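Enquirer: Build me a structure from this.
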Amino acid sequence: MIASDMHLKMGAAGLEPQPGVLKWVDRRTGVVSPLYPSRDAAAGRPDWGDPSCPGEIGAVLLPHGIHLSKRGDGIWQLLVVNHGGRESVEFFELGARKGKWSARWRGCVVAPASSHLNDVAALPGGGFLVSTMHMGANEETRSAAVKAAKGENTGFLWRWTPGSGISRQAGSDAPMPNGVQVDAAGRYAYVNTASKGGDVRKLDLASGQVVGTVAVPNPDNGSWTADGRLLVAGVAAGPKPMHCFKDPGAPCPAPSEVYAIDVETMQAERIFAHSGAPINAATVAVQAGDDLLVGSCFGDTIVTVRNAFKRPKPS
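Expert: Model prediction:
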């Protein structure tokens, strides 16, 4: 499992970023190792992103949303939203030797000025979609959240295509767009928003039309299940998590939920709910075999819900 270790703290100017790490978690042994930056990382080669990329990100990396996919030649690609030193999407190549994984930097795409990126998803052909929750300075984040709660659009998706550069994805304007996923064919994007309590939108990328919506409380990030459903984690109704940044070491009271969405019908089923230790304010959930893994933007814990996807044996 790959974990994005984003470091933020509350300072006089609001949330202040600190350098972070991409980590490899061996679920069999429980060992957590740095993936990047790492002494084992090979020297970068900037040939996957934009030719104007300033150079390898290195130790200033501050990772946020990530997306793992295979490129057309079968090589594993990890896309990483970065806030350290530049607002960008970084490209990494993953490789394994004798059971040990490593990451090699392969390029970047720098976002247009004043973008506040969040999550990224690869597109067929080497491109990607990346959400920008709003445009403007950091102090505008609070006003954007207020607008989003009323259903007002604050952000959208940037779309980057090799050879064509970056542009706004038609039809993607939304209230604080957060997590984004794309189906295998690259036909639809699924965008998590903060509109009036939260929803997930199905966007036809060719026409720019939203063709389906389902209400989900405060949806954060999404991932795909083995049977093709969209897993969405978020904070349930109750205490809000923003004040938890003031004291990251203290328990965060925000309760967690995970929903599985049938993307054909856009119907959501709640498959996990929890309040209290060891996990609070869930921000991501992924399937691992029969298990459900749940992570948060607070603390250092990943929770495993055993056999959450195990089908009962026929009687």
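
Enquirer: Just the element for the most centrally placed residue in the chain, please.
Expert: Ranked by distance to the mean C-alpha position of the chain (C-alpha atoms, centre = their mean), the top residue is residue 65 at 3.2 Å. For residue 65, the enclosing helix or strand under DSSP states H and E is strand 63-70.

Enquirer: Just give me the neighbour total for residue 142.
Expert: With neighbours defined by other C-beta atoms under 10 Å, the count for residue 142 comes to 11. Using the backbone N, CA and C atoms, a C-beta is placed for each residue, glycine as well.

Enquirer: which other helices and strands contact the helix or strand of the chain with the lowest mean pLDDT?
Expert: Counting by mean pLDDT, DSSP states H and E, the chain has its least confident helix or strand at strand 2-11, which shows a mean of 81. Helices and strands touching strand 2-11, as assessed by 3 or more C-beta pairs under 8 Å, 6 or more residues apart in numbering; DSSP states H and E, comprise strand 14-25, strand 63-70.

Enquirer: which other helices and strands contact the last one?
Expert: Packing partners of strand 63-70 (3+ C-beta pairs under 8 Å, 6+ apart): strand 2-11, strand 14-25, strand 76-82, strand 115-122, strand 128-135.

Enquirer: what are the pairing partners of the last one, and which direction each?
Expert: Okay, so that is strand 128-135. Applying DSSP bridges to the sheet, strand 128-135 is found paired with strand 115-122 (antiparallel), strand 156-161 (antiparallel).

Enquirer: Buried residues of the last one, list them for me.
Expert: Read it as strand 156-161. Neighbour counts over strand 156-161 (16 or more other C-beta atoms under 10 Å) mark 156, 157, 158, 159, 160 as buried.

Enquirer: which two from these end up farthest apart in space?
Expert: The largest distance within the buried residues of strand 156-161, taken as C-beta to C-beta, falls between 156 and 160 and amounts to 13.4 Å.

Enquirer: Report the contact partners of residue 135.
Expert: In this structure, residue 135 makes contact with 114, 115, 116, 155, judged by C-beta atoms under 8 Å, 6 or more residues apart in numbering.

Enquirer: Of those residues, which is the most crowded?
Expert: Of these, residue 155 is surrounded by the most neighbours, 26 neighbours in total, counting by other C-beta under 10 Å.

Enquirer: Contacts only, for it.
Expert: Residue 155 touches 116, 131, 132, 133, 134, 135, 144, 173, 174, 175, 176, 177, counting by C-beta under 8 Å, 6+ apart.

Enquirer: Quick one: buried ones out of those residues?
Expert: Of all the contacts of residue 155 considered here, the ones buried according to neighbour count by 16+ other C-beta under 10 Å are 116, 131, 132, 133, 134, 135, 144, 173, 174, 175, 176, 177.

Enquirer: What is the most widely separated pair among these?
Expert: Of all pairs drawn from the buried ones among the contacts of residue 155, the greatest distance, 14.6 Å, lies between 116 and 173 (C-beta to C-beta).
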